[in-house]
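# how would this look folded up:
(2 chains)
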Amino acid sequence: MGQHWRGEVDGDQVAWSGRLSAVPSGPQRVLAGGPAPADQQAGDLADELLQAVGRGDEQAFARLYDVVAPRVYGLARRILRDPAHAEEVAQEVLVEVWRSATRFNPAKGSATSWIFTIAHRRAVDRARSEQAGAARARRVAAGAGQTPYDDVVEQATANLEQQQVRRCLQGLTDLQREAITLAYYGGYTYREVAELLGTALPTVKTRMRDGLIRMRDCLGVSLG
Amino acid sequence: MSTEIHALAGAYALDAVDDVERMAFARHLTGCEACRLEVAELRATAARLADTTWTAAPPRLRENVLRQAARTRQARPRSPGSPAGPAPSDRPGRWRGRVAAGIAAAALAAGAAGATFVVEERRVGSQRQAAQSALDQVSRIQSVMAAADAKARQIRVKGGGQVAVVYSRRTDAAVVMCADLARPSRDRAYQLWYVRDGQATSAGVLAGGQNAGTMLLPGLHGVEAVAISLEAAGGADRPTSRLATVPLA
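Alright, predicted model coming up:
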């Protein structure tokens, strides 16, 4: 498996644009108080909160925390496994959300997508720097990425969005699903995934792409 | 669209590529509008996968985050006329910068004169006391990466691995990244060279036994290529081999 070097500026210049068409921008809602948002409104709520945070609104940030922290922490926990590391990463990510919320542009994408993209990259970077070398090699060799989440209790209240994601994942071929989940939840590179699955590199690359495309269509993600 | 590189779109959206591939792919995207849309959609799709990870966080996390945020100055908004920026995770932003700064500080402390090697094995998390000089190095690296005239080249290295060079004549510097090189014994080290008029002068040397790293090469006047060789640890006065030569236009 490849040697990684992490934590370096990498010159990515990808404009991150578009928004989820499935989340139409509704009328302005009052941000404070009120009942918990329905699933289909959660994305909109996060968008509005993040914009308010971008104007320096600390109360909006506290509310945004409540909306996204369980997923930011959960994602870090899933990837890093170590609760203390996950907590550190979640804190860094969430403070970074506060710091750079001034630059969030809702015309270019949803708040949750923006936040979880940061969170995923950060957790993966941390995993690769923490687990470089022998320990990580063993973990890869043992296929630990497929170990079910043992000691963390996911919140039982699976909402519609979760169910939709799970359903769409089930709609993939086994190889597509394994490749995508090992990469996303395991933090593995496609080379490691190929090794774990005993599959040729080009096949893994292709399955990741066509699997995500199928997921995109199933979830109704469209930015065009 | 180059189909070979574009096959990485899925892996890229899943953060399942190494840094050299990420950079190469990002360069690919700058020239391909359709690819950018596809990747943006695949990234948004990947982000939905976080929906299944709901986990109750320790209550102290909330307190810590809110307290730290209250002490943290927000970034200045981009000016309205500026072009759309890349996603925060793709930008050498604060935490990325801090990580790089930590490593750069360590490298500077180790005495790498005029060159900053970034070494993966260093525990970046413990290096937050980055010196201002290191931050300057990082901002140099970032300015090269972000320069409008930046060009990227990637070449396979004899013996294994690859070297990627991003250089900008306008900022008069290059950033060289090596990954997956064949691991040398501890008494051997990879060394980088400026090539001017066919003559090589040392641009810096990796630690003995090290097989990956990043460095800033300031001063490109007259430099026609950057080369890498394997030498005795500590480096040589002139290259005894050429494992890869990256021409700069």
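# does residue B:149 touch residue B:167 like I think?
No: using Cβ atoms under 8 Å, residue B:149 is not in contact with residue B:167; the gap is 9.0 Å. All C-beta spots, glycine's among them, are computed from the backbone N, C-alpha and C.
# compare those two (neighbour count), which wins?
Regarding residue B:149 and residue B:167, a neighbour count based on other Cβ atoms under 10 Å in any protein chain shown identifies residue B:167 as having more, with 25 against 9.
# so who does residue B:219 touch?
Residues near residue B:219 by Cβ atoms under 8 Å, 6 or more residues apart in numbering or on different chains: B:172, B:173.
# tell me the spacing between it and residue B:242.
21 Å (Cβ to Cβ, to the nearest Å).
# how close does residue B:65 sit to chain A?
5 Å (Cβ to the nearest Cβ, to the nearest Å).
# just to be sure, that residue is in a helix?
Yes: under DSSP: H, G, I helix; E, B strand; the rest coil, residue B:65 falls within a helix.
# hmm, residue A:89 and it touching each other?
No: if you go by Cβ under 8 Å, residue B:65 and residue A:89 don't touch, sitting 11.8 Å apart.
# and these two? which has more neighbours close in?
residue A:89 (28 against 24).
# can whichever strand or helix holds residue B:25 be found next to chain A?
Element membership of residue B:25, judged by DSSP states H and E, is helix B:19-30. Yes: interface with chain A: helix B:19-30 contributes B:19, B:22, B:23, B:26, B:27, B:29, B:30 (Cβ under 8 Å from any Cβ of the partner chain).
# buried residues in the host helix or strand of residue A:68, which are they?
Assigned by DSSP H and E, residue A:68 belongs to helix A:58-80. For helix A:58-80, burial by neighbour count (16 or more other Cβ atoms under 10 Å in any protein chain shown) applies to A:60-61, A:63-65, A:67-80.
# with stretch A:203-212 instead?
Buried residues in stretch A:203-212 (16+ other Cβ under 10 Å): A:204, A:205, A:206, A:207, A:208, A:209, A:211, A:212.
# excluding sequence neighbours, find me the nearest residue to residue B:236.
Of all residues not flanking residue B:236 in the chain, residue B:191 sits nearest, at 6.5 Å (Cβ to Cβ, 6 or more residues apart in numbering or on different chains).
# bridging residues for the one you found?
residue B:205, residue B:229 (DSSP bridges).
# which SSE is immediately downstream of the helix or strand hosting residue B:144?
Element membership for residue B:144 (DSSP H and E) is helix B:132-146. Next helix or strand after helix B:132-146 toward the C-terminus (DSSP H and E): strand B:151-156.
# now the helix or strand following that following strand: buried residues?
Once the chain leaves strand B:151-156, the next helix or strand it forms, by DSSP H and E, is strand B:162-168. Of all the residues in strand B:162-168, those buried under the rule 16+ other Cβ under 10 Å are B:162, B:163, B:164, B:165, B:166, B:167, B:168.
# coming back round to it: what about the buried residues of stretch A:203-212, which are in helices?
A:204, A:205, A:206, A:207, A:208, A:209, A:211, A:212 (DSSP state H).
# can you put those in CSV and add pLDDT?
Below are those laid out as CSV (pLDDT from 0 to 100):
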residue, pLDDT
A:204, 97
A:205, 96
A:206, 96
A:207, 97
A:208, 98
A:209, 97
A:211, 98
A:212, 98
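# gap between the spatially closest residue to residue B:200 that is not a sequence neighbour and chain A?
If the residues on either side of it in the chain are set aside, residue B:200 comes closest to residue B:193, at 4.1 Å by Cβ to Cβ, 6+ apart. According to Cβ to the nearest Cβ, residue B:193 and chain A sit 20 Å apart.
# assign a three-state SS to residue B:193, would you?
strand.
# I'd say it and residue B:229 touch.
Yes: taking contacts as Cβ under 8 Å, residue B:193 lies within contact range of residue B:229: 6.7 Å.
# quickly list the domain ranges of the chain.
This is for chain A. As given by automatic domain parsing, the domain ranges for chain A are A:38-130, A:159-224.
# my question was about chain B
If you go by automatic domain parsing, chain B breaks into B:3-52, B:93-249.
# just name the most buried of these.
Burial of these is given as mean neighbour count (mean count of other Cβ atoms under 10 Å in any protein chain shown); domain B:3-52 ranks first at a mean of 22.
# next one: that domain to chain centre, how far?
Remark: domain B:3-52 is offset 17 Å from the chain centroid, using Cα atoms, centre = their mean, to the nearest Å.
# so what's the closest residue to residue B:159 other than its chain neighbours up against?
Take residue B:159 and drop its neighbours on the chain: the residue closest to it by Cβ to Cβ, 6+ apart is residue B:182, 4.3 Å away. For residue B:182, the contact set (Cβ under 8 Å, 6+ apart) comprises B:159, B:160, B:161, B:211.
# pretty sure the residue nearest to residue B:236 sits against residue B:238.
No: between residue B:191 and residue B:238 there is no contact under Cβ under 8 Å: 9.9 Å.
# mind checking the SS state of residue B:4?
Going by three-state DSSP: residue B:4 is helix.
# and what of residue B:75?
coil.
# residues near it, how many?
Residue B:75 has 17 nearby residues by other Cβ under 10 Å.
# check the gap between it and chain A for me.
Distance of residue B:75 to chain A, computed by Cβ to the nearest Cβ: 5 Å.
# which residues sit in contact with that residue?
Contacts of residue B:75 (Cβ under 8 Å, 6+ apart): A:99, A:100, A:102, A:103, B:94.
# need the helices for chain A, in chain order.
A:39-54, A:58-80, A:83-100, A:111-130, A:134-142, A:160-170, A:174-186, A:190-197, A:201-219.
# quick one: least confident helix or strand in chain B?
Scoring the helices and strands of chain B by mean pLDDT, DSSP states H and E places helix B:94-109 at the bottom, with a mean of 36.
# helix/strand/coil for the residue nearest to residue B:233 when sequence neighbours are not counted?
Sequence neighbours aside, residue B:208 is the residue nearest to residue B:233 in space, at 3.3 Å (criterion: Cβ to Cβ, 6+ apart). Three-state call for residue B:208 (three-state DSSP): coil.
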